[in-house]
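Colleague: how does the following fold in three dimensions:
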Amino acid sequence: MERVLGIGGYFMRAADPAALGAWYRDCLGLDADENGLWRPEAGPTVFATFESGTDYFGSRAQQSMLNFRVGDLDAMLAQLRAKGADVAQETQDMAGVGRFGWVTDPEGNRVELWQPA
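Modeller: Predicted coordinates:
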């Protein structure tokens, strides 16, 4: 059986694509080039499905959620707060998995930040 090799891209609709791209660059440090090519560090990627009624993604209108690995969750959340981003107050710890926090981008998309254990 042929298998996929990894995530090849993540595509989002945006009312202002340039501004949203700049937010991801300036607030999260996502250093994609002018074509959107980003070379993330090697590490684990989780692919998981959720029940259709989940509130985990924030708004029920949001059908998927982007998750970024981070080295220091507390530092990233502080950086986002300093930039005026909409950061959730709570974080979550999962034994053996890591710590999670969330930010909502300027277009209302909830993004998960994960510091692996």
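Colleague: count of residues packed around the residue nearest to Arg60 when sequence neighbours are not counted?
Modeller: Closest residue in space to Arg60, ignoring its immediate chain neighbours: Gly53 at 7.8 Å, by C-beta to C-beta, 6 or more residues apart in numbering. Every C-beta, even on glycine, is put in place using the N, C-alpha and C of the backbone. Neighbour count of Gly53, defined by other C-beta atoms under 10 Å: 6.
Colleague: helix or strand: which one has Gly53?
Modeller: In the assignment (DSSP states H and E), Gly53 maps to no helix and no strand.
Colleague: do the same with the one 3 residues further on
Modeller: Per DSSP H and E: Tyr56 is located in neither a helix nor a strand.
Colleague: that one touches Gln62, doesn't it?
Modeller: No: using C-beta atoms under 8 Å, Tyr56 makes no contact with Gln62, being 9.8 Å away.
Colleague: and after the longest helix anywhere in the chain, which helix or strand comes next?
Modeller: Longest helix in the chain by number of residues (criterion: DSSP state H): helix 17-28. Using DSSP H and E, the next helix or strand after helix 17-28 towards the C-terminus is strand 66-69.
Colleague: for that following strand, which strands pair with it and how are they oriented?
Modeller: strand 110-116 (parallel) (DSSP bridges).
Colleague: could I get the partner strand in CSV with only the CA atoms?
Modeller: Written as CSV, here are the backbone C-alpha positions of strand 110-116 (Å, rounded to 0.1, in the frame of the first residue of the first chain):
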residue,chain,number,x,y,z
ARG,A,110,-8.1,28.7,17.3
VAL,A,111,-4.5,27.4,17.1
GLU,A,112,-3.1,24.9,19.5
LEU,A,113,0.5,25.2,20.8
TRP,A,114,2.1,22.0,22.1
GLN,A,115,5.3,21.6,24.1
PRO,A,116,6.0,17.9,23.8
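Colleague: give me the distance from that strand to the chain's centre.
Modeller: On the basis of C-alpha atoms, centre = their mean, to the nearest Å, strand 110-116 sits 6 Å off its chain's mean C-alpha point.
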